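just the structure for this:
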Amino acid sequence: MATPRTTPSRPDGLTLEVVELIGAVVARYHEEYEEAAAEHALTGAQARLLSLLSLEPLPMRRLAQRLKCEPSNVTGIVDRLEARGLVERRPDPADRRVKLAAATDEGRLVARGLQESLRFARAPLAGLSDPERVALRDALRRMLGIEDGQVCRPGTSVTRVSGA
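Predicted structure coming up:
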């Protein structure tokens, strides 16, 4: 485990440059994500929700928490995806009072296609050697506090990999 450093009151030039570069990567990712969503006739919010549901069915309230929006907004997004046959509502087996939103088979196919159509990082990452990509991954994991045996899924907190 790395030794924590104290944060200086004024960031140095290198830190500022790294922050700007991270911001540029995030902005480029969001831009490409919106474009990829549009290729599948989805809004960015619909694509994010469908991507979450392709991992596991979730109650509306938890979807709202992960998407950082109001539950009523999630209801509208689920309604539109349900009308397209990409999402369905079903009772929660653990609590039949709760409705889960779940991706349909078609929804999972669209979510997979969406992820495969995200091209922005492929070429730049392919230009890095394996050791450079491992170093980048390890630095990002350290910045996020992700330890070995943990994974970070989109819209979720870090979780431990079973068997790790």
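
so which residues of this protein form helices?
Counting by DSSP state H, the chain has helices at residues 13-39, 44-55, 60-67, 71-83, 105-116, 122-126, 130-144.

out of these, deepest packed?
Comparing these by mean neighbour count (mean count of other CB atoms under 10 Å), helix 44-55 ranks first with a mean of 21. All C-beta atoms are positioned from the backbone trio N, CA, C, and that covers glycine.

which residues does Leu58 bridge with?
Ala101 (DSSP bridges).

list the contacts of it.
Leu52, Arg66, Leu100, Ala101, Ala102 (CB atoms under 8 Å, 6 or more residues apart in numbering).

with Phe120 instead?
Contacts of Phe120 (CB under 8 Å, 6+ apart): Arg28, Tyr29, Glu31, Glu32.

can we see that at 10 Å?
Contacts for Phe120 (CB atoms under 10 Å, 6 or more residues apart in numbering) come out as Val25, Arg28, Tyr29, His30, Glu31, Glu32, Tyr33, Glu35, Ala36.

Val74 and Leu67 touch, don't they?
Yes. Using CB atoms under 10 Å, Val74 is in contact with Leu67, at 6.6 Å.

between those two, what contacts are shared?
In contact with both Val74 and Leu67: Ala45, Leu49, using CB under 10 Å, 6+ apart.

measure stretch 79-93 end to end?
With CA to CA, to the nearest Å as the measure, stretch 79-93 spans 21 Å from end to end.

quick one: contacts of it?
Counting by CB under 10 Å, 6+ apart, 40-43, 45-47, 49-50, 53-54, 57-60, 75, 77-78, 97-111 sit against stretch 79-93.
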